[in-house]
Structure formats: C-alpha cells, structure tokens
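**Student:** Provide a 3D model corresponding to the input given below.
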Amino acid sequence: MKIPRQVRTKFYALRALALVLMLFAGAIFIWRPHEFGLRSFALLAIFLGILIVQRSNAIVWRQRGQAVDKWSPTGAARRAGPLAWTLTAMSLVACGIFGLFMYIDALRGGTHVWPVYATFIAVLALAATSGYVAMRIFR
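**Tutor:** Numbering: from 1, shown residues only. Next up is the predicted model:
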C-alpha cells in the first residue's frame, strides 16, 4: 500500500524531532553529568522522544489500516497488564532506594555489603520487568 506524501513527510519530521531530542539529552548526560536538574530535563526529553516515535508509528499504521483501535482485541493482546506495570514501577523505586542506601554506606566508609546485593537484585528485577513490558509493547 502506498503511503501519501503528506503522511511520509509528517512521519520523517516527527522522527527527526525525536532524534534531535535524543541528541540533546545525550549531550546533557555527557557534558553536565552531575547536575540533577539538567539530568531530569534530559530524561524528560528522552521520554518525549520515545512518545514522538510512538505517535509517528501510529500515524503510518493508521494510514496502512493496521491500527483500527487502541482498545481492539488485537490491541488488548499487545498491552502489558497492570501487574507488569506495577512490578516495573516498584522495582524502579527499589533501585532508587537501595542505590541511596549504597551511596550512604559509601559515604560512611563502605563497611556493609548488603546494600550492594540489594541494589543488584533490584536492578535485575527492573531489567526483567521492564524487558517484559517492552516486549509486550514492541512485539
């Protein structure tokens, strides 16, 4: 199926905007890694870039007739359930908390090893749950 020129132009313009946002965020992470405000802004730019890419894909899918509705049975089969999202959010919070414990322990001389193990397990849980959610979304 041939996609109209206007849709292709919009698709490539949105992809170029997402690329500029990603490059901007990468530059902030490289040149100013220790400023929390700028890192938060760069993380927001990354999420916005991902959202823009998702929207550009949806535009092309609608034009091809592949995306009928978000709530169709085929769309429901692709979505990750609320349990997966909850576990991903909980493991992200656990990574932050145990990372903070590890940082505090490092400030006090690094005498305990349990914060390292707890952070490692939280990172493994985050990788597993976010990987599952990503596979459900992008398969």
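**Student:** just want the most central residue of the chain.
**Tutor:** For the chain, the residue nearest the mean C-alpha position is Phe47 (6.2 Å; C-alpha atoms, centre = their mean).
**Student:** how close does it get to Ala25?
**Tutor:** Distance of Phe47 to Ala25, computed by C-beta to C-beta, to the nearest Å: 9 Å. In this view, the C-beta of every residue, glycine as well, is placed from N, C-alpha and C.
**Student:** for Gly22, which non-adjacent residue is spatially closest?
**Tutor:** Quick fix: residue 22 is Met, not Gly. Ranked by C-beta to C-beta, 6 or more residues apart in numbering and with sequence neighbours excluded, the top spatial neighbour of Met22 is Gly49, at 4.8 Å.
**Student:** so where do the helices sit in this protein?
**Tutor:** 5-31, 36-64, 73-78, 82-107, 114-138 (DSSP state H).
**Student:** what's the burial count for Gly99?
**Tutor:** Per other C-beta atoms under 10 Å, the neighbour tally for Gly99 reads 15.
**Student:** is it true that it touches Thr119?
**Tutor:** Yes. Using C-beta atoms under 8 Å, Gly99 is in contact with Thr119, at 5.5 Å.
**Student:** now the helices of the chain in a markdown table, with mean pLDDT?
**Tutor:** A markdown table is the format used below for the helices of the chain (pLDDT from 0 to 100):
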| stretch | mean pLDDT |
| --- | --- |
| helix 5-31 | 85 |
| helix 36-64 | 83 |
| helix 73-78 | 58 |
| helix 82-107 | 92 |
| helix 114-138 | 90 |
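**Student:** how does the chain divide up, domain by domain?
**Tutor:** Per automatic domain parsing, the domain ranges recorded for the chain read 1-67, 70-139.
**Student:** what's in contact with stretch 121-131?
**Tutor:** Under the criterion C-beta atoms under 8 Å, 6 or more residues apart in numbering, residues Ala84, Leu87, Thr88, Ser91, Leu92, Ala94, Cys95, Ile97, Phe98, Gly99 lie in contact with stretch 121-131.
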